[in-house]
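> Okay, structure incoming, though there's no sequence with it:
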């Protein structure tokens, strides 16, 4: 029989100079998948490649037979296959040959509601298009395309749709909201927008039947592998996902290699890859263009995530390209179980809203630490090239009054288990040609963002550095080529800040502004030609001059 055995390259440590040792992926090996040679061709179970005939039963029978006989390869030959949801089995490699198109059903009734997890909380959702739970040694591989028919589930905004398409959509059926500017595919889908935390299991609503009235709102992920060991996703293209696309969770030994994910620009919640509570993972040579975040690290939300206590750890991400997305490489915001020992290398972001995106908020808790990022190139970033934000989805806590440079006082809250932490994050060799802000660091008054370093970077943006509520932040050999230069760098309520070898536009109005009388201290500006700025340092109200030391170049 034909042999389809993807070979897994284990994480290897490359010999690097001593100065780079901290960026060497010192990770445990990922345990590889390994499949029997037996091949189960879906045509032998009655599947028909005419683009019309549903072959769900035939494909599922092939998967089941393969699993029952000790595993092997379930082969989808070239052709146009149609199916509803599929359930994988241990030992099965679902392999799409070159030219195979697997089209999932647009009939929402084909997907049953189940108890699962959504955005870090126990929830009821429609079962994923490809689903597996408590499996071992499982894969989706090949060179074919899987289409999730997400258009059957998505909400559509009038303002983001050409007039002709909008009229056709409204005429096709569905439901409009009260403002007539959002279209929903069904009344159930619209009804779900009126329910707070729709789908989340509570004491009042804990059974699957309790969510039937908003079933269409609870969009399924494309692929969910829950509590599994040794997962391989390789070579195929996933497109038009109803919600999150690839979602391994609470699993270990996950490899995602050479995968492409394509979702439309305004498709809601269509993350490309969500690694949630994963131990040991490799993501490499992938291409993503989606309607939400691209490469995402998660570990559960709030108290449930902390109780789960399963961090995402020991992960290497390398050689990936992200086009349209909300964030290129993202940690959070559901990171309550923690994230640690993660390496990201050789990434390219073109047109993603934000490049490197770390996000959390009060109530999450969890610790993100020991993150190593290098060789990242970005272009045309509408938001921040680099973002650390502890106020995700929260109104700016310290907005500047129009006409004033001073930031209002933001009161601290008590520190508890719900107080998140970002620390020990190291970045080097980063470029960005075009962004709103080169780097924004925004911690909490009760817990600063700590131990962040950026070395060897050229960042071209409207704004330079904005650093708020931070401790031990280091920029070395960084060019902040900002359009706005009053100031190039703002440091507020922060201490132990090292700015070494900073380059900036000649003739800048202000190079550095230090503010926050109670916290501003130990800000060091060195190896920088401050004479190119009209004002090297500006002090906010009450800040003592000794808070900033300048060592002239």
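Yep, it's here. Every value quoted in this text rests on a predicted model; they were computed, and no experiment measured them.
> residues in contact with residue 532?
Listed by C-beta atoms under 8 Å, 6 or more residues apart in numbering, the contact partners of residue 532 are 504, 505, 506, 507, 508, 511. Glycine gets a C-beta too; all of them are placed from N, C-alpha and C.
> now it: how far from residue 457?
In this structure, residue 532 and residue 457 are 19 Å apart, going by C-beta to C-beta, to the nearest Å.
> Check residue 374 too.
Using C-beta to C-beta, residue 374 is found at 11 Å from residue 457.
> where do the contact lists of those two overlap?
Common neighbours of residue 374 and residue 457 (criterion: C-beta under 8 Å, 6+ apart): 427, 428, 429, 430.
> what's across from the first one in the sheet?
Each beta-bridge partner of residue 427 is listed here: residue 373, residue 454, as defined by DSSP bridges.
> in stretch 64-77, what counts as buried?
Within stretch 64-77, the residues that count as buried by 16 or more other C-beta atoms under 10 Å are 64, 65, 66, 67, 71, 72, 73, 74, 75, 76, 77.
> Averaged pLDDT, that stretch. What do you get?
Averaged across stretch 64-77, the pLDDT comes to 98.
> Contacts for that stretch next, please.
Contacts for stretch 64-77 (C-beta under 8 Å, 6+ apart): 2, 4, 35-43, 45, 47, 49, 59, 62-63, 89-97, 100, 102, 137, 142, 144.
> Only the buried subset of those residues, as a ChimeraX command please.
Here is the ChimeraX command that selects the buried residues among the contacts of stretch 64-77 (16+ other C-beta under 10 Å):
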select :4,35,36,38,39,40,41,42,43,45,47,49,59,62,63,89,90,91,92,93,94,95,96,97,100,102,137,142,144
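> how about the strands in the stretch 151-300 of the chain?
Along the stretch 151-300 of the chain, the segments classed as strands by DSSP state E, counting those that start in this stretch run 156-157, 175-176, 182-184, 223-226, 229-234, 237-239, 246-249, 252-257, 260-262, 273-276, 279-284, 287-289, 295-298.
> partners of the fifth one in the sheet?
Looking at strand 229-234 with DSSP bridges, its paired strands and their directions are strand 136-142 (parallel), strand 252-257 (parallel).
> Let me have those in JSON lines, adding mean pLDDT and distance to residue 498 as columns.
Formatted as JSON lines, the strands paired with strand 229-234 follow (pLDDT from 0 to 100; distance: least, C-beta to C-beta, whole Å):
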{"stretch": "strand 136-142", "mean pLDDT": "98", "distance to residue 498": "46"}
{"stretch": "strand 252-257", "mean pLDDT": "98", "distance to residue 498": "36"}
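> Would you reformat these as CSV and include distance to residue 244?
Output for the strands paired with strand 229-234, formatted as CSV (distance: least, C-beta to C-beta, whole Å):
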stretch, distance to residue 244
strand 136-142, 15
strand 252-257, 14
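> which one of the ones you listed lies closest to residue 197?
Smallest distance to residue 197 across these (C-beta to C-beta): 28.0 Å, for strand 252-257.
> What are the contacting residues of that closest one?
8, 30-33, 228-235, 246, 248, 273, 275, 278-286.
> check contacts around residue 435.
Listed by C-beta under 8 Å, 6+ apart, the contact set of residue 435 reads 355, 378, 381, 382, 383, 384, 385, 459, 460, 461, 462.
> Show me the contacts of stretch 64-77 that map onto strands.
39, 40, 41, 92, 93, 94, 95, 96, 100, 102, 137, 142 (DSSP state E).
> Taking the centroid of the protein, which residue is nearest it?
residue 296 (2.4 Å; C-alpha atoms, centre = their mean).
> Show the contacting residues for that one.
Listed by C-beta under 8 Å, 6+ apart, the contact set of residue 296 reads 271, 272, 273, 274, 275, 327, 330, 331.
> most surrounded residue in these?
Note: the member of those with the most neighbours is residue 272, at 31 neighbours, neighbours being other C-beta atoms under 10 Å.
> Quick check, that one in contact with residue 260.
No - counting by C-beta atoms under 8 Å, residue 272 stays clear of residue 260, with 9.3 Å between them.
> what do these two both touch?
Contacts common to residue 272 and residue 260, judged by C-beta under 8 Å, 6+ apart, are 286, 288.
> separation between residue 301 and residue 443?
Taken as C-beta to C-beta, the span from residue 301 to residue 443 is 20 Å.
> Might you list the low-confidence residue ranges for the stretch 251-400 of the chain?
Along the stretch 251-400 of the chain, segments meeting pLDDT under 70 span 397-398.
> Do a quick rundown of the helices in it.
Secondary structure of the stretch 251-400 of the chain (DSSP state H, counting those that start in this stretch): helices located at 302-308.
> what's the answer for the stretch 101-250 of the chain, then?
163-171, 187-191.
> so which of those helices gets nearest residue 55?
Going by C-beta to C-beta, the one of the helices of the stretch 101-250 of the chain nearest residue 55 is helix 187-191, 27.3 Å.
> just to revisit the earlier point, is it possible to get TSV of the ones in strands among the contacts of stretch 64-77 that adds distance to residue 182?
Below are those laid out as TSV (distance: C-beta to C-beta, whole Å):
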residue	distance to residue 182
39	47
40	44
41	45
92	40
93	41
94	36
95	40
96	35
100	36
102	30
137	43
142	37
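> So of those, which two are at opposite extremes in space?
Greatest spatial distance in the ones in strands among the contacts of stretch 64-77: 100 and 137, 22.1 Å, computed using C-beta to C-beta.
> Could you report the pLDDT at residue 419?
On the pLDDT scale, residue 419 is placed at 98.
> for residue 237, that is, sorry about that
99.
> And the one 5 residues further on, by the same measure?
Each residue has a pLDDT score; the one for residue 242 is 98.
> List the contacts of it.
Counting by C-beta under 8 Å, 6+ apart, residue 242 touches 126, 129, 148-150, 152-154, 219-222, 270.
> same check, this time on residue 448
Counting by C-beta under 8 Å, 6+ apart, residue 448 makes contact with 469, 470, 471, 494.
> Just the ones in strands from these, please.
Residues of the contacts of residue 448 located in strands (DSSP E): 470, 471.
> out of the contacts of residue 448, who has the most neighbours?
Busiest of the contacts of residue 448 [other C-beta under 10 Å] is residue 494, holding 26 neighbours.
> any idea how far that one is from residue 452?
Counting by C-beta to C-beta - residue 494 and residue 452 are separated by 11 Å.
> Mutual contacts of those two, please.
Common neighbours of residue 494 and residue 452, using C-beta under 8 Å, 6+ apart, are 470, 473.
> how about the residue nearest to residue 259 when sequence neighbours are not counted, phi and psi?
Nearest non-adjacent residue to residue 259, counting by C-beta to C-beta, 6 or more residues apart in numbering: residue 286, 4.9 Å away. Per-residue torsions, residue 286: phi -110, psi 160 (degrees, to the nearest 10).
> Let the chain start at 375 from now.
Okay, using 375 as the starting number, the last item reads as residue 660.
> Contact partners for residue 660?
Residues in contact with residue 660, defined by C-beta under 8 Å, 6+ apart, are 630, 631, 632, 633, 634, 635, 646, 647, 669, 694, 695.
> So in terms of bridging, what pairs with the second one?
Yep, that's residue 631 we're talking about. Beta-bridge partners for residue 631, by DSSP bridges, are residue 608, residue 658.
> Share the number of residues neighbouring it, please.
Residue 631 is flanked by 18 other residues according to other C-beta under 10 Å.
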